[in-house]
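# Sequence first, then the predicted structure:
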Amino acid sequence: MTPRCLRRGRPGYPSALTELHDPPATLFVRGEQVEILAEPAVAIVGARSCSAYGAQVARSLACELAAAGLVVVSGLARGVDAEAHRGAIEGGGTTIAVLGCGIDRDYPARHAELARRIVGSGLIVSEYPPGVEPAPWRFPARNRLIAALARATVIVEARERSGALITADFALELGREVFAVPGEISSGLSAGTNNLIRQGAAPLLSADDVLDALGLVRRAPPAPVLSAGAAAVLELLRDAPAGVDELVVRTRCAAADVAAALVELELSGLASQADGIHRAVGTTIAA
Amino acid sequence: MLARATTHALVGIDARTVEVEAHLQRGAPAFAIVGLPDKACQEAKERVRSAVKSVELEWPRSRITVNLAPAGLKKEGSGFDLPIALAVLAATRQVPFERLDQHAALGELALDGRIRPVPGAIVAAEAARAAGLSRLLCAPESASEAALAGIDAIPVVHLGQAAAYLSGLVDVDPPPPSVSTPPLPQPDLEDVRGQERARRALELAAAGGHNILFGGPPGTGKTMLARRLPGILPALTQEQALEVTRIHSVAGILPARHGLVERPPFRAPHHTASTAAIVGGGPGPRPGEVTLAHHGVLLLDELGEFPRPALEALRQPLEDGSVAVARIAGRVTFPARFLLVGTMNLCPCGARGDPGLECACSTQRLAAYREKLSRALLDRFDLVVTVPRARAVEVAGKRGEASSAVAERVAAARERLDRGSPPLAPPASELLARAVDRVGLSARGHARVSRVAGTVAALAGAEAVAAEHMAEALSYRSPNELAVAA
C-alpha cells in the first residue's frame, strides 16, 4: 500500500502539529482513517526494557483510555510503546504509531505484525519518506511529533536519561499535560518518572486522571459478576502482586481453586500475570 | 571337523539368531573369525584362547576358522566369546555337540575362563526361545534377567563349568527366583514445602500423562520437584516392565543380578548430551535417552541450554511414542513413550521472576533464549508452570503431602481416564470459547486445554468437566499464548 502524504498548509494536515516551531513539511501516513489525526489523543510512552509492572500499566491504561474514546499515540518501540498499542487495540480503540524511520519500514522488525494490526483500525505516521533508515538522532525528532499529536502525555517508566523524558519536555514546551506513573523508589526503571513528579508533573494514579484533565467522562463498564473465590483473590491482588503459592497460603484455598480463580479474573480482564506473578489490572483506585 | 553353537546378535533392541560355526583343518595353527565381527568381537580370539587354556582344556593345534552366520550382519560386542569357545570345544570333541545344539550361549570370557555378563541377555533369551531352544548358558549376573523370558537360564561361572555341564559331568543350579530388588529410595514429595502450584501440576502430569514445563529463577526447586514425578507414577504393568527391562538390558544399564524393572524409569541427561545420545544413534544403532525413559520420565533440566537440533529431534518421539533411527547399517525403530519434564529459567541471567533482583538481559538475548524452543516443541507441553521465588511465608509452610498419598489419587484418576475422558459440560465449553476469544488460544492449545481439563475432572472424581475444571486447565497454558509479550 502506498503511503499517503499530508502536506503542511493543505487540508488533512493535523493542526496539532502546527503548534510545533518546526512542523514537518510532509507527514507520511499508512492507514485509511486519516480523520483520527484530528481526534483527542493521549501519548503513552516509556522505557523499552520495561518491567512487568510497566508493561501491565501501559497496557491496561491504554486499554481503558482507548475504550473511553481517546486515540493512543506511541512510538512502536519495544516495551511500554508496544504495550500501549496493544492495549489500545484490546480496548477496541484506535492507536497511532509514530516512526523514527522511513514510513515503509516496520521498526523494530519484530513488531511488523503489531504494525499490521495498528493499521487495521489506526495509523502509522512518519515525517520521513520511504527508504530512510532508523538512526539514533531521528528518535528525539520523532518524540516531538508524539508529544504534539497528543493532548496529554503519560510516561509509564523511564530511567534517568530516557528518551521518554524528551517526549515529556516537548509536551511541556507545547503546554500540554504531562503525567508520570509513580514507581518504586528503589527501581531504576522508575527513577525518571519519579523525578518528573518531583519537578511538578502530575502523578498518574488512574485512567480517570487523564480523562478528568481532558474533560472527558468514562463510560463505566458493567462490573463483572465474580465467584466468591475470585473476589477474594482479587482483593489480595489489589493489595500487592503475588504468585499462586502466596495466594494459596493467604486464602487457605487449594492451588487448583486459586488457579481457577485467577483464570476467571484474567478472562474478565481484572488480573494479568507475567513471570508467575499475578497483578490486579486497572489503575483505578477505589475512591 | 565342524561344530556349531547358537547365540544372538543385538540389532537395536531386538536380537537376531547367529550361528557360530567352528571348522578345524590341518595346517599351520591359526585362528580366524569371519562374518563381520567388530573390533571387540575380533579380539575374542585372544580371550577365547587364553580362557580355554586357563581352565585346562585343550586348545587345538590346527587351523581354526570361526564363521558368524549370517555373514552379512554386523556382529558387535564381546558376547560371542562363550559360543565361540564352546563351538571350538565341540569341534575338538571336548563337549558333545548334540547337547550344545539344545543350548544358546551368551557371555564374555575373562582370560582366566570366568564368564562375564553382557548387555541384552533378556533379548537374547527371548530370541532363543522363539528359535525353539529351551536353555541359555550365560553369566550368573545375567541369569535372573534371562529367566524372565521364560527360558531355562543356566548360570555358569566359568568356561570349565560350562564344558563340564554340557558333558553331563556336573549339574548347575537354576538361578534363584528373580528377587525383585527393593526399589531404590525415591525422593519424596513430603520434602517439598509450599510450592502448592507446582505440586498440583505434577499430580496432573502424573494422572494424565501430560508433559510439563517448569519455568522460574534458579534455586526455586524446579529440579527438585521434577525428580519427584516418578515417585507418584503408578507401577509398571507386567508387559511394560518387560519392555523396559529389555531396553535397559540392551543399553547395559540394568544392574547385575537384577530382575524386572518395576518402577517407571527416570532419565535426566545433561544438556551437553548430543542429539544421538538423546534420540538414539551410533553405528549400532543404540537406544538414546528417550528410549531409556520409555514408560517413565525424561527430565531435561535447563531446557534452553540443550542444542536446538536435539530439542527438535524430540518432536517425533513426543508425537508418535517411538523414534526411528536411520543409519547406513540399517533403520531401527525404538519405542519412546515418556513423560517429558523440562525446566528453564525465565531469562539467560536467571533474575527474571525473582522479586529481589533486576533482570540484566538485553531484549535480544531474551528473545534468542526463548526462541530456542520452537513453538512446535512448546506446544507439546500440556502444562506450563512458572515457579517464582518463594517468599518467607511460603518457605515456612508446613511439610508437604507424601508421595504415596498423591500416588493413590493419581492411580484412581488414571483408572477413570482409561474408561474415557470425561465429556465437557456446557459451562466448561462456554468458558473455553471465551478464552479462545480473549487470549487467542490456538487450535492445538484448544485441544491441549481440553485434555488437561479432562484430567482435572478425573482427579476430582467428576463425571463431566465443569467450569472450574476448565478454568484451572486454562491456567497452565503455554507462555506463547499469554497476552503479555516480552
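Cool, the structure landed.

# Helices of the stretch 151-287 of chain A, start to end?
Per DSSP state H, counting those that start in this stretch, the stretch 151-287 of chain A carries helices over the ranges A:163-173, A:191-198, A:207-213, A:228-239, A:244-251, A:255-267.

# Which positions within the longest strand along chain B qualify as buried?
Counting by DSSP state E, the longest strand found in chain B is strand B:14-25. Within strand B:14-25, the residues scored as buried using 16 or more other Cβ atoms under 10 Å in any protein chain shown are B:Ala15, B:Thr17, B:Val18, B:Val20, B:Glu21, B:Ala22, B:His23, B:Leu24. (Each C-beta comes from the backbone N, C-alpha and C, glycine too.)

# end-to-end on stretch A:124-132?
End-to-end distance of stretch A:124-132 (Cα to Cα, to the nearest Å): 15 Å.

# and B:Ser134, how many neighbours does it have?
Using other Cβ atoms under 10 Å in any protein chain shown, B:Ser134 has 12 other residues around it.

# Output the below-cut-off pLDDT ranges for the stretch 251-400 of chain B.
B:329, B:355, B:391-398 (pLDDT under 70).

# Can you tell me how far A:Leu37 is from chain B?
In this view, A:Leu37 and chain B are 27 Å apart by Cβ to the nearest Cβ, to the nearest Å.

# which residues does the nearest residue to that residue once chain neighbours are set aside contact?
Nearest non-adjacent residue to A:Leu37, counting by Cβ to Cβ, 6 or more residues apart in numbering or on different chains: A:Pro14, 4.1 Å away. Neighbouring residues of A:Pro14 by Cβ atoms under 8 Å, 6 or more residues apart in numbering or on different chains: A:Leu6, A:Leu27, A:Leu37, A:Ala38, A:Leu149.

# still on that earlier bit, so which residues make contact with the longest strand of chain B?
B:1-9, B:35, B:60, B:62-70, B:73, B:75, B:80, B:83-84, B:86-88, B:90-92, B:120, B:123-124, B:126-128, B:131.

# Next, check the residues you listed against the helices and list the overlap.
Per DSSP state H, helices hold the following members of those: B:Pro83, B:Ile84, B:Leu86, B:Ala87, B:Val88, B:Ala90, B:Ala91, B:Val123, B:Ala124, B:Glu126, B:Ala127, B:Ala128.

# ok, the residue of chain B found nearest chain A - how many residues close by?
The minimum distance from chain B to chain A, using Cβ to the nearest Cβ, falls at B:Thr386 (3.0 Å). Residues within reach of B:Thr386, counting by other Cβ under 10 Å, total 25.

# can I assume it is in contact with B:Gly216?
Yes: between B:Thr386 and B:Gly216 there is a contact under Cβ atoms under 8 Å: 5.7 Å.

# what touches both of these two?
A:Gly276, B:Leu346, B:Gly353.

# where does the last one land in three-state SS?
Put plainly, it is B:Gly353. coil (DSSP: H, G, I helix; E, B strand; the rest coil).

# Among the shared contacts of B:Thr386 and B:Gly216, which one lies nearest to A:Asn195?
Distance to A:Asn195, by Cβ to Cβ, is smallest for B:Gly353 among those, at 28.0 Å.

# got the contact list for the closest residue to the closest one other than its chain neighbours?
Spatial nearest neighbour of B:Gly353, chain neighbours left out: A:Asp275 (4.1 Å); criterion: Cβ to Cβ, 6+ apart. Residues near A:Asp275 by Cβ under 8 Å, 6+ apart: A:Ala52, B:Gly215, B:Leu346, B:Arg352, B:Gly353, B:Thr386, B:Pro388.

# Quickly note the distance from the fifth one to A:Pro203.
Translated: B:Gly353. Noted for B:Gly353: a distance of 28 Å to A:Pro203, by Cβ to Cβ, to the nearest Å.

# And the second one, by the same measure?
Separation of B:Gly215 from A:Pro203 (Cβ to Cβ): 34 Å.

# between those two, who's got more neighbours?
B:Gly215 (24 against 13).

# correct me, but the more buried one touches B:Cys347?
No: B:Gly215 is beyond contact range of B:Cys347, at 9.8 Å (criterion: Cβ under 8 Å).

# mind listing what A:Leu17 touches?
A:Arg8, A:Pro23, A:Pro24, A:Leu27, A:Leu145, A:Ala148, A:Leu149.
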